Each structure stands twice: as C-alpha cells, then as structure tokens.
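Enquirer: my questions concern the predicted model and sequence given below.
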Amino acid sequence: MGNGDTRVRGLAARAGGWSARHRWAAVGIWVLFVVLAMGLGSAAGRVDVKDSDQLKGETHTAAKIIEDAGIDEPASESVLIQARDAGGKATDADFRAAVTAVVKAVEGTGKVTDVTSPYDTKTISKDGRSALVQFDMRGEADTAGDRVEPVLKAVEGVQKEHESLRIEEIGGASMMKTFDDAFGDDFEKAELSAVPVALGILLIAFGALVAALLPVALAVTAIMATMGLMGVVSHVMPMSDTANSVMLLVGLAVGVDYCLFYLRREREERQAGRDAQTALRIAAATSGRAIIVSGVTVCVAMAGMLFTGLAEFEAMGLASLMVVAVAMVGSVTVLPALLSLLGGRVEKGKIPFLHPESRLRRKRGGNRGGNRESRFWTAVLKGVLAKPVVSVVVAAGALLAIAAPALGMKTQNLTLDQEFGDSLPIVQTYNRVNDAFPGGSEPAEVVVSAADINAPEVTGALADFKAKAISSGASRGPVEIKLHDAQNLAFVYVPLVGGSDLDKAGQSLDKLRDEVRPATLGKVDGVEAPITGQVAGSKDFNDQLAGAVVPVFAFVVVFAFVLMLLSFRSLTVAITSIVLNLLSVGAAYGILVAVFQHGWGASLVGAEGVGAIITWLPLFLFVILFGLSMDYHVFVVSRIREARLRGRSTKDAIQHGVVTTAGVVTSAAVIMVAVFAIFGTLSMQSMKQMGVGLAAAVLIDATIIRGVLLPAVMALLGERNWYLPKWLHRLPDLTHDEAADAVAAPAARDDEGEPLRV
C-alpha cells in the first residue's frame, strides 16, 4: 500500500507535523514549560480562598466584618457532662464535683482560655440531666486540632474518675483532630493509588510497558505543570485544596484519555502497513483533531463553574480548565515528538501473555487493515443496526427509568452523622449534645457592628434580640453575647430550634433573620447584624447555588452545541450530542438519588442512604460529566465521519466507527471508572457520592450511550446525520477535512465528481 506524501491542514495536523520534524525541540520545550511552571508556582506560593470569599450574602458580609476587624475567632470546645441514668441531675453533688474537675483539668493544660461553668452560663439542659463546660482553644483556629490532644486526655482523666456520668468533649478542634486521624490519609491514598491503577489498565490495553507509560507520563507532567500555574493564577483568583484534588482527578482522566486516543491510532496505522512517518501524520490529523475538539469542549464545560459566583467552584473550574488545556496541548505536541523518537521501541517491554492474537497476525503477514475490531461490539452493533428503533426505545427507556428517581432529588449540606455515620465516637457525642441542647453544637452567630457597641440603644437592642430570639420560638437558649469593645463588635450565639435537622433549623434561622432582627437590632441606625454559622452558611450556599444552576446549564449546553456545530458542520450531530449527554447525566443523577438518598443497593458500594445528596454535587457532576462525555462522543463521531468521507455508506461508517474505537473507548472508560471508584471507597459520604456518581455516569456513557444509543440514532437518521441548513453554511469551517485518510482510500465524491462534504 502506498505511503505517498499526504498534505493535511488543521491545527492538530500542523502541530503534530512540526513536533515530529523537530523532535528534540518539542520535547525540550515541554520539559522547560513544566519546570518553569513548577518553579514559578513554587516561588509565587499559592493563595487560598478566604473564609470571607467562600460565599456571598450574609455569610460573606459577616466574615468580611470579622476579617476587617482583625479578629481571629478561636476554636470553641465544649465538654458534655451527662447523667447516665434518668434520675441523675446537674444539681447532684457528684455532678457538681465533675463539673469542677473538668474546669480544673482543662485549665491545667494551659491550652485553653475563657473556661465557663454551666452554672454561670445556664448551659444546663431542659431535663436537668446534661450540662456543658465551654472554653476556647488558644492560638489560631485552623491549627487548633494539633494542640487539642492534652485537653482531650485531661477530659478522659475526669471521665475515669466519674464513671456514673458521661463526660465527652466536642468542638471544632476535637473534630478536626478526630477526622484527621481517621480520614486524613484517605485523600492522599486515593490520589496516590490513581496513577498505578491507570498504569495497570494501560498495560492490559497496550500489552507493552513503554506504550503504557507514555499516557501516564504525559498526564502526570501536565498535572505538575498545572499545579505550578495554579500558584501563579491564585494571586488573581484564589485556589484551594479541593480545587487541587479535582484538578488531579480531571487531569489524570483526560490526560490519559487523550494520549490513549492518539497512541492507539498511530499503532493502528502502523499495523495496517503504513510507515512510521505516515502513521504519525494520520494520527495527528484524525485523533489529534478529535483531541482538540474534545479538549476545547471540556474547557468550555469547566468554565461553566466560573458563573456560580462561589469561590470554591470558581477555583475548581479554573483549575480543571487549566489542566485540560495543558493536557490537550501536550497530547498534540510533545506526544508526536516522543512517538517519532521512539519509533518501534514504543512496543518495548511487551507483556508475554497479553494480545497473543496480534503476534499471530504479524506472523501471518499483517492484520488485514490494522483495525483490531472488537468481536463483542461487532456482535452488539449487528443487532443494534438491524433493529435501530427497538434499540433506541429499549436503551432510552432504560436510561429514563434509571433517571426517574432524580425527580425527587433533595440536596443539602450533610450533617456530621450523615457524613460519617456512627463509626466515630465523636459523632455519637454530637448527636447527644444536639438532643440535649438543640442547635447548641452549631449555633447561629450574629455579628453585630456599630459605631459604638456600648451605646445605650445598641445594648438595649442586643438585650431585646436575646429575649425575642427565645420568645419567638427560634431558640430555646441560652443565648450568649460576647463583646469586642475595641472593634465595636458583638458576637451573639443563638442555638437554633431544630438542631441537626437542617430543615427545622433553617426555619428557626428564617425567624431570626425575618422577624427577630428587624424588630430589634434593625431599628437602630448604623447597626449591621448579618447572621452566619453552619445552618446560615448551608442556606446561603444553597440559595446561591440555586441561582447559578440556570446560567451554568445554559452556558455549558449552548457553547457545547456551538462547538459541535462548528467542528462537525452538522446541526443533527450537534443536537444529538447534547441530548445524549443530558440523558447520561440524568441517569447518573437517578443512580445517586436511588443509592444515597433512598438507600437502594447502598450496601453494594459500601454506603448508606442518608436522605439527601450533598448540595454541591449535582452542579459539579453536570459540569464534569458533560465535559468528559464529549471525549468519547467526539472520538467516536469523528471516526464515523472519517469513514463516511472515505466513501462508506452511513450505516457502514457507523459500524466501522464504533467497532474500531470500541477498544480505546473501553480502555479509557475503565481507567476513568477505576480512578473515580477509588473516591467511592473513602469514608466520607460526600466523597462516596462523588466517586459513585462519576464512575456510574462514565460507565453508562461508554456503554449504553456510545455503544447502543448513538449508533441506533445515527442509523435511524441516515444521511440526515450530516444535515446543515443552507443559512448556516456561512458559519466558520472548523472541520478542516484533513486528507490524511486518502492514503488508505480515495476520498468519496458526489455525482458531479466533487469531494463529498460531510
């Protein structure tokens, strides 16, 4: 078969061609870029999102007032002292002795300040069986977990001396330490295990060590470069640890996928009899172009997070966008250079027992065109294309049924017991405190700012607010007021009726904001009194996220549609790609609700039904999945379109495109599912929800959507797949119609002898 010079046009083809001709320069530039990015990032340091920038609304206002005043709120701790039997009371002599012992013990550590007795602060439960000794940790709140150990041991010592009572500590510092001890290594283990898992799957897919290492190496260097860039960019838009973890996930997934697409095509063309140079040129013009189209689409999807107005989401969106862009550039530049340098050595390190059929084909003199078509998908496609109507009805019906539970989705920030279950003793303490003092473990915090906090009208309004908060039914008390005279601030802590039930606590918060505050503090001129706290933060987050859903969805869908329209110059392809992606996301939502909200089959994934989906997950999943789904869609449709340009009928092109991409799509999907499933093994329910949701969606997308629905829908549409109204012909042509496939067959022509435009 001829290997004549084939001129191609298009960014990917030109980039690949330049890199192959200037191999050492391309590799050197990439290495220099990675090193410079890491060096600049290290020198610049990373600026993280401040508490005051996390949310908008009252939570933001309160955090800003505290920050501007220069007040570092300490980590507050409480010690629950509770009679084990119903007859025990806080007035008993033994109970009073225990309270005194706790106060003395925690003060003796030298790690705490402002220790208060429940007999002074009236923090005694309504039934008289429970009391709270309260204090603050010395030093910064962020690091209080590192210093709380002596205090916990002191409290344990008092417990041993008073076995008739339950004496347990809980608070910001003790929870921080407990979670770090129990789950601190979870994320690190998950992130570190993702790379060897991906490498193992690639070894199976390629059967050769060097070929398997290339995608992992490119993905890891892309992640390293992006980490450096995040440090530089953080001085304009602050980043976070969460954004870093999401960036690693997305970077590994798309980085490996893009290299996998490119490398598989290059190997396929070489097996078909092309020389190394021609095989590389064809891979650049076809898979390279698909990578650019997919990468730009994924970047657009990630950019949707920038429209939420939530600092954490904006950080995640920008970090993900950057790593996708870096991985995309690396895949179409340095990868061709490496393949050109390695040549046949890319097959080094063969695994003896993998792919024996490829060795057998070489012994027999080739593989008849080089396409290792999947026997499984060939059989599936035969049935799908024979009865496309039945296939569409069954597959779409199944996905709609799976998506149905999503109609009853309930979202909220998970409480401590929902997030961790009863696996930790501190969670049981949390529940006991909330039962005895509803809302006491996480009270609403009113930040009162005035020109003179000690002015009579202000102190009177504070007293009225304290009384009305209880009389209105929003709180059962005790309401505590802390004055900061120098900064003219007062912090009012209000335990909310409803406690850990966020729905009921939210109603109490609404009473404070809408009834109590306007009737008291709101009547004093010049007074600001935003209400913050865990319940308020959850409500403000939900409200802001709800307002962001429509613009984010609209932005992602519209821009993805436009990109698909310009990239394939087909109105039909653009519409079907959006519909199929939405169906995939809907099915993922349905699985999440069924497993984590209702508990159906939750034990199969080591989870439990907690009655809700964590608030941030639906929008996060939509953006991530919509972007990642485009990987497979663009790759498969590009191959179908390429076969159609070669002169195959649409039905034959569908068959060819799906079965020849089945191997690489399956390998890519298995890697993504495996990496995401690792996060499903973490102890936190929110991480389980994210991992299971992402893994399930990718699995559905790579099988039912790309293997059944896409070919069935395209078979039904026939030539209408390539429909573009005349009035849209003036749109920019981004298809490039690379002619690299002409080395295999002459381009298809219409009745007038003109090249067929698909």
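Expert: Noted; the coordinates are in hand. Residues are numbered from 1 along each chain as shown.
Enquirer: show me the contacts for the closest residue to Ala83 other than its chain neighbours.
Expert: Closest residue in space to Ala83, ignoring its immediate chain neighbours: Arg129 at 4.6 Å, by CB to CB, 6 or more residues apart in numbering. The way it works is simple: take the backbone N, C-alpha and C, and place the C-beta from them, glycine included. Going by CB atoms under 8 Å, 6 or more residues apart in numbering, Arg129 touches Gln82, Ala83, Ala86, Gly88, Lys89, Ala90, Ala436.
Enquirer: just the CA atoms of the helix or strand hosting the first one, as CSV, please.
Expert: According to DSSP states H and E, Gln82 maps onto strand 76-83. The C-alpha coordinates for strand 76-83 follow below in CSV (Å, rounded to 0.1, in the frame of the first residue of the first chain):
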residue,chain,number,x,y,z
SER,A,76,-14.6,26.7,70.6
GLU,A,77,-14.9,23.4,72.6
SER,A,78,-17.5,22.0,74.9
VAL,A,79,-17.4,19.2,77.4
LEU,A,80,-20.8,17.4,77.8
ILE,A,81,-21.4,16.2,81.3
GLN,A,82,-24.5,13.9,81.4
ALA,A,83,-26.1,11.6,83.9
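Enquirer: can you select the buried ones from the contacts of Arg129 in PyMOL?
Expert: In PyMOL, a selection of the buried entries from these looks like this (16 or more other CB atoms under 10 Å):
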select buried, resi 82+83+88+90+436
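Enquirer: distance check, the closest residue to Ala697 other than its chain neighbours against Asp701.
Expert: Distances taken as CB to CB, 6+ apart place Ala588 nearest to Ala697, at 3.5 Å, with adjacent residues excluded. To Asp701, Ala588 is 9 Å away according to CB to CB, to the nearest Å.
Enquirer: between the two, what contacts are shared?
Expert: What both Ala588 and Asp701 touch, as defined by CB under 8 Å, 6+ apart, is the set Leu625.
Enquirer: next, Ala75: phi, psi?
Expert: Reported as degrees, to the nearest 10, the phi and psi values for Ala75 are phi -80, psi 120.
Enquirer: oh, I was asking about Met224
Expert: Dihedral angles (degrees, to the nearest 10) for Met224: phi -60, psi -40.
Enquirer: check Leu489 too.
Expert: Torsion angles, degrees, to the nearest 10, at Leu489: phi -130, psi 150.
Enquirer: hang on, Ile282 packs against Arg274?
Expert: Yes: between Ile282 and Arg274 there is a contact under CB atoms under 8 Å: 6.8 Å.
Enquirer: returning to that earlier point: surely the residue nearest to Ala697 and Ile704 touch.
Expert: No: judged on CB under 8 Å, Ala588 makes no contact with Ile704 at a distance of 11.9 Å.
Enquirer: those two: which has the busier surroundings?
Expert: Ala588 (28 against 21; other CB atoms under 10 Å).
Enquirer: who are the packing partners of the strand holding Gln82?
Expert: Applying 3 or more CB pairs under 8 Å, 6 or more residues apart in numbering; DSSP states H and E, we find strand 76-83 packed against helix 93-108, strand 130-137, strand 165-171, helix 172-183, helix 425-436.
Enquirer: what packs against the shortest one?
Expert: Using 3+ CB pairs under 8 Å, 6+ apart as the contact criterion, the elements in contact with strand 165-171 are strand 76-83, helix 93-108, helix 149-161, helix 425-436.
Enquirer: show residues contacting it.
Expert: 75-84, 88, 94-95, 98, 102, 137, 151-152, 155, 158-159, 425-426, 429-430, 432-433, 441.
Enquirer: out of these, which end up buried?
Expert: So, by 16+ other CB under 10 Å, the buried ones in these are 75-83, 88, 95, 98, 102, 137, 151-152, 155, 158-159, 426, 429-430, 432-433, 441.
Enquirer: any chance of the helices and strands packed on strand 76-83 in a markdown table with distance to Lys726 and mean pLDDT as columns?
Expert: Formatted as a markdown table, the helices and strands packed on strand 76-83 follow (distance: least, CB to CB, whole Å; pLDDT from 0 to 100):
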| stretch | distance to Lys726 | mean pLDDT |
| --- | --- | --- |
| helix 93-108 | 80 | 93 |
| strand 130-137 | 72 | 92 |
| strand 165-171 | 69 | 91 |
| helix 172-183 | 60 | 79 |
| helix 425-436 | 65 | 85 |
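Enquirer: any idea which of these gets closest to Arg23?
Expert: In terms of CB to CB, the element of these nearest to Arg23 is helix 172-183, at 45.8 Å.
Enquirer: the next helix or strand after the closest one to helix 172-183, inter-axis angle?
Expert: Next helix or strand after helix 172-183 toward the C-terminus (DSSP H and E): helix 186-206. Per axes from the mean of the first three to the mean of the last three CA atoms, to 10 degrees, the angle that helix 186-206 makes with helix 172-183 is 30 degrees.
Enquirer: surely Val636 touches His656?
Expert: No: counting by CB under 8 Å, His656 is not a contact partner of Val636; they are 10.9 Å apart.
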